[in-house]
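J.: missing the sequence, but the structure's below:
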């Protein structure tokens with residue numbers, strides 16, 4: 001009988017068997033999680049320097065189109081770099097000025113409204129007594145309501161952002177060198193051996209996603225600020241333009257930014273116009289947040305940067321815990337950076353990208369056959 005030759009067995013696919021280089025996939029995930037946790041602890045230990053570096057990186061990416069526009073018009077590259085640097089420094093100065101002015105103005109207004117604050121405390125005492133609450137319990141409750149504590153809370157929230165901005169010298173020098181290096185960065189990427197196209201695509205995706213997020217947040221922040229200013233002006237709240245500017249800045253903080261921008265005008269409304277005015281401010285801000293910042297904006301952000309609402313919220317919690325107030329402000333760009341470094345550059349990790357995106361990609365449908 002003729003001998004039947006059997007084909008040699010196919011080599012075992014490590015990825016299909018759950019083993020990579022002899023290491024179980026579950027162990028790799030566990031080790032990777034532990035390494036990520038240790039990395040976050042290290043970042044937190046040096047949060048001042050790292051937060052400033054991330055802020056400089058995001059700002060340089062944001063103003064890179066200024067340099068590209070100058071070069072496209074035939075201007076020398078150094079002119080575009082100077083224009084980009086001026087734009088970054090203007091953004092930094094404006095952001096620091098707005099945050100410090102908001103905190104100082106809020107503290108000043110609370111000091112001016114001290115008599116009204118005492119009247120509110122007296123009304124709360126009378127209301128609690130009418131409910132049968134004991135005087136000792138009332139004193140324990142009302143003693144915690146101190147204008148100084150409110151100022152400390154707001155100043156601490158804004159101070160985390162302004163603290164990094166206060167080290168202007170370090171930021172100015174760092175941004176200067178980053179802008180110079182940005183001019184040669186594409187050429188440096190082209191010299192990377194191996195999968196340089198993948199690295200260039202990941203870097204481009206990160207930069208494009210960061211700019212898209214900043215543009216979307218800026219547009220929606222301006223819309224919310226205009227409505228907030230109109231609402232506060234109608235209600236007679238002092239300094240509506242200042243609180244509108246604060247609402248515009250805090251719009252860059254996902255999910256909870258509007259709460260930070262709500263506290264000062266709501267408290268001032270309570271002291272200036274009573275409970276009705278404060279409730280009107282809270283309801284107005286909440287309605288705007290529900291319509292614009294909770295429904296429309298997350299959908300647009302998810303489509304533009306490829307992150308779901310859950311991932312955005314979790315990134316806010318993580319980066320705020322690691323880098324403080326500035327981490328909350330830059331939560332989405334930092335998450336895009338991590339995604340570019342760990343997922344987009346690695347073909348074996350790209351299967352995670354759809355899990356992070358807001359909406360699944362629609363499968364392409366073949367066109368219907370045409371009648372002959």
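T.: Now that the structure is in, tell me what you want to look at. These numbers come from a predicted model, not from an experiment.

J.: going forward, measure contacts between C-alpha atoms and count neighbours the same way
T.: OK.

J.: I'd assumed residue 299 was in contact with residue 216.
T.: No. Applying C-alpha atoms under 8 Å as the test, residue 216 and residue 299 come out as separate, 10.6 Å apart.

J.: tell me the contacts of residue 276?
T.: Counting by C-alpha atoms under 8 Å, 6 or more residues apart in numbering, residue 276 touches residue 270.

J.: can you read off the pLDDT for it?
T.: Per-residue pLDDT puts residue 276 at 87.

J.: that one belongs to a helix?
T.: Yes. The assignment for residue 276 (DSSP: H, G, I helix; E, B strand; the rest coil) places it in a helix.

J.: please, where are all the strands along this structure?
T.: Remark: strands assigned in the chain by DSSP state E are 19-20, 23-24.

J.: those strands: lowest mean pLDDT?
T.: Lowest mean pLDDT of the strands of the chain: strand 19-20, a mean of 47.

J.: name the residues of stretch 59-71 that are buried.
T.: If you call a residue buried by 16 or more other C-alpha atoms under 10 Å, then stretch 59-71 has these buried ones: 59, 60, 61, 62, 63, 64, 66, 67, 68, 70, 71.

J.: any idea of the mean pLDDT in stretch 184-197?
T.: The predicted model assigns stretch 184-197 a mean pLDDT of 67.

J.: which other helices and strands does the longest helix seen in the chain contact?
T.: For the chain, the helix with the greatest residue count under DSSP state H is helix 196-235. For helix 196-235, the elements it packs on are helix 47-72, helix 168-190, helix 240-250, helix 275-288, helix 297-305, helix 331-339, judged by 3 or more C-alpha pairs under 8 Å, 6 or more residues apart in numbering; DSSP states H and E.

J.: so it versus helix 297-305, what angle?
T.: Here the directions of helix 196-235 and helix 297-305 differ by 160 degrees (axes from the mean of the first three to the mean of the last three C-alpha atoms, to 10 degrees).

J.: mind checking how far helix 196-235 is from the chain centre?
T.: Remark: helix 196-235 is offset 10 Å from the chain centroid, using C-alpha atoms, centre = their mean, to the nearest Å.

J.: for it, buried residues please.
T.: So helix 196-235, judged by 16+ other C-alpha under 10 Å, has buried residues 199-200, 202-203, 205-214, 216-218, 220-222, 224-226, 228-229, 231-232, 235.

J.: swap in stretch 333-350?
T.: Neighbour counts over stretch 333-350 (16+ other C-alpha under 10 Å) mark 333, 334, 335, 336, 337, 339, 340, 343, 344, 345 as buried.

J.: out of those, which one sits closest to residue 275?
T.: When the buried residues of stretch 333-350 are compared for distance to residue 275 (C-alpha to C-alpha), residue 333 comes out closest, at 38.8 Å.

J.: who touches that closest one in this structure?
T.: Contacts for residue 333 (C-alpha under 8 Å, 6+ apart) come out as 58, 209, 210, 213.

J.: of all the helices and strands packed on helix 196-235, which one is nearest residue 28?
T.: Per C-alpha to C-alpha, nearest to residue 28 of these: helix 331-339, 18.0 Å.

J.: off-centre distance for that closest one?
T.: Chain-centre distance of helix 331-339: 9 Å, with C-alpha atoms, centre = their mean.

J.: measure how that helix sits relative to helix 196-235, angle-wise.
T.: Put simply, helix 331-339 runs at 170 degrees to helix 196-235, going by the same axes, to 10 degrees.

J.: what angle separates helix 331-339 from helix 47-72?
T.: Put simply, helix 331-339 runs at 90 degrees to helix 47-72, going by the same axes, to 10 degrees.

J.: for helix 331-339, what is the average pLDDT?
T.: 87.

J.: who touches residue 130 in this structure?
T.: Taking C-alpha under 8 Å, 6+ apart, we find residue 130 in contact with no residue.

J.: for it, give its distance to residue 123.
T.: 11 Å (C-alpha to C-alpha, to the nearest Å).

J.: and what of residue 281?
T.: Between residue 281 and residue 123 the distance is 20 Å, computed by C-alpha to C-alpha.

J.: between those two, which is the more surrounded one?
T.: Set residue 281 next to residue 123 and count neighbours by other C-alpha atoms under 10 Å: residue 281 wins out with 25 against 12.

J.: the more buried one and residue 264 touch, don't they?
T.: No. The pair residue 281 / residue 264 is not scored as a contact, 10.3 Å apart, by C-alpha under 8 Å.

J.: roughly how far apart are residue 271 and residue 106?
T.: Using C-alpha to C-alpha, we find residue 271 at a distance of 12 Å from residue 106.

J.: what of residue 235?
T.: Applying C-alpha to C-alpha to residue 235 and residue 106 gives a distance of 18 Å.

J.: just the angle for the longest helix of the chain relative to helix 240-250, thanks.
T.: Using the same axes, to 10 degrees, helix 196-235 lies at 160 degrees relative to helix 240-250.

J.: no further questions, thank you.
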